[in-house]
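# got a predicted model here, sequence first, then my questions.
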Amino acid sequence: MRGSRYVLVFSAAIALAAGLGPLAAQSQLPRPTQLPPAGGPGSPGGGPGSPGGPGSAPQNGPGQAQAAPPKPYKPVPIKLPQASSDPSFEAFRKELGEIAGRKDKAALGKLVAAHFFIMGEQGDKADKKKSAMQNLAAAIDLEEADGAGWDTLTAASQEPTLEPFDQGQHQGVMCAPASAAFDDKAFEQLLKTTGTDPFEWGYPNAPQVEVRGSDAASAPVIDKLGTALVRILPETGDDSQAAPTSPPTMLRIVTPAGKTGYVAADAVQPLAVDQLCYVKEAGGWKIAGYVGGE
């Protein structure tokens, strides 16, 4: 079991989701609906909330590889991440949420560590000629008129889990959201037997998530998910055109029994997500970096 980010998923999700904008995976902390588009290199994508981008469920479209057909699979148990027990981190998150609510750049700047990193697949992408605050703003699209960057910070302030960031020289850095723990080899075997890619998988945020027979919230319950990895199917071409500017409220999944059904989008967390990172300094917690992107 690994408590840290599953490296295979992180690397593959970025590589296979080529075609996303430079900060498609960076302009907003991923929520449960934010899954990379299916289909491998060349898949269409965009910024958060755009059709095919990290703000929507994976899609199959013209020229994209077809997802493997649904089939039963052996459940791979997961251990859900736990909330931080540090009361000072809870106080920091409350302060961050208040700052985001006011859109107070001056106050936010005081919460950013002196050396802010933006860790992508190719290493640290932070512009060393710019200030830490400028790099944070670039990482989360803080200057966007739609307020996406402030939404990112609001979402971050509501995330209580933390895990160590074990890359490079970033001693003491903790990142959120923390990853679920599971057996790597069992997951690799799961990918082989189902013919799927890592970014097609996620896990329920809580035990006994209800699976419904259609995407209507009132549809009959046909199954319930245990605390194990679950396959998330891409949207069909027709589904992806239904509401191109809005993330779906329901996700189409395959249960371990091989049933196709729907779950609430906020009930499932994808394996590959971006993270906002923090460090506890003498004066309190600071925003230290961002993990995600190419």
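Noted; the coordinates are in hand. Remember, predicted model here, so these are calculated numbers, not experimental data.
# buried ones in stretch 208-225?
209, 210, 211, 212, 215, 222, 223, 225 (16 or more other C-beta atoms under 10 Å). To be clear about C-beta, it is placed using only N, CA and C from the backbone, and glycine gets the same treatment.
# pull the most distant pair out of these.
The distance between the two most remote of those (C-beta to C-beta) is 16.2 Å, for 215 and 225.
# so how far is residue 262 from the closest residue to residue 279 other than its chain neighbours?
What sits nearest to residue 279 in space, not counting adjacent residues and going by C-beta to C-beta, 6 or more residues apart in numbering, is residue 288, at 4.1 Å. Using C-beta to C-beta, to the nearest Å, residue 288 is found at 38 Å from residue 262.
# the more surrounded of these two?
residue 288 (25 against 22; other C-beta atoms under 10 Å).
# next structured bit after the worst-scoring helix or strand of the chain on mean pLDDT?
Within the chain, confidence by mean pLDDT, DSSP states H and E is lowest for helix 7-16 among all helices and strands, at a mean of 35. Using DSSP states H and E, the helix or strand that directly follows helix 7-16 along the chain is helix 87-102.
# do a quick rundown of the strands in the stretch 151-294 of the chain.
Counting by DSSP state E, counting those that start in this stretch, one finds strands in the stretch 151-294 of the chain at the ranges 163-164, 173-176, 201-204, 209-212, 221-225, 230-232, 250-254, 260-264, 268-270, 275-281, 284-291.
# and the third one, what other elements does it pack with?
What it means is strand 201-204. strand 230-232, strand 268-270 (3 or more C-beta pairs under 8 Å, 6 or more residues apart in numbering; DSSP states H and E).
# repeat for the shortest one
Packed against strand 163-164 by the contact rule (3+ C-beta pairs under 8 Å, 6+ apart) you find strand 173-176.
# ok, the buried residues of stretch 208-225 vs residue 279, which is closest?
residue 209 (33.8 Å).
# average pLDDT for the helix or strand containing residue 149?
Assessed by DSSP H and E, residue 149 sits inside helix 148-157. Helix 148-157 comes out with an average pLDDT of 96.
# and the angle from it to strand 275-281?
Interaxial angle, helix 148-157 versus strand 275-281 (axes from the mean of the first three to the mean of the last three C-alpha atoms, to 10 degrees): 60 degrees.
# may I have helix 148-157 as CSV, with CA atoms only?
The C-alpha coordinates for helix 148-157 follow below in CSV (Å, rounded to 0.1, in the frame of the first residue of the first chain):
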residue,chain,number,x,y,z
ALA,A,148,-11.7,30.3,-11.3
GLY,A,149,-8.6,30.9,-9.3
TRP,A,150,-10.5,32.1,-6.3
ASP,A,151,-12.8,29.1,-6.7
THR,A,152,-9.7,26.9,-6.6
LEU,A,153,-8.6,28.4,-3.3
THR,A,154,-12.1,28.1,-1.9
ALA,A,155,-12.1,24.4,-2.8
ALA,A,156,-8.6,24.0,-1.3
SER,A,157,-9.7,25.6,2.0
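# just checking, what packs against that helix?
Checked by 3+ C-beta pairs under 8 Å, 6+ apart, helix 148-157 has helix 87-102, helix 132-140 packed alongside it.
# helices and strands around the shortest one, which ones?
In this case it means helix 132-140. helix 105-109, strand 112-120, helix 148-157, strand 284-291.
# let's have the ones you listed in a markdown table, adding distance to residue 248.
Shown next, in a markdown table, are these (distance: least, C-beta to C-beta, whole Å):
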| stretch | distance to residue 248 |
| --- | --- |
| helix 105-109 | 31 |
| strand 112-120 | 27 |
| helix 148-157 | 17 |
| strand 284-291 | 25 |
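# which one of the ones you listed lies nearest to residue 272?
Between residue 272 and the helices and strands packed on helix 132-140, the shortest gap by C-beta to C-beta is with strand 284-291, which sits at 11.0 Å.
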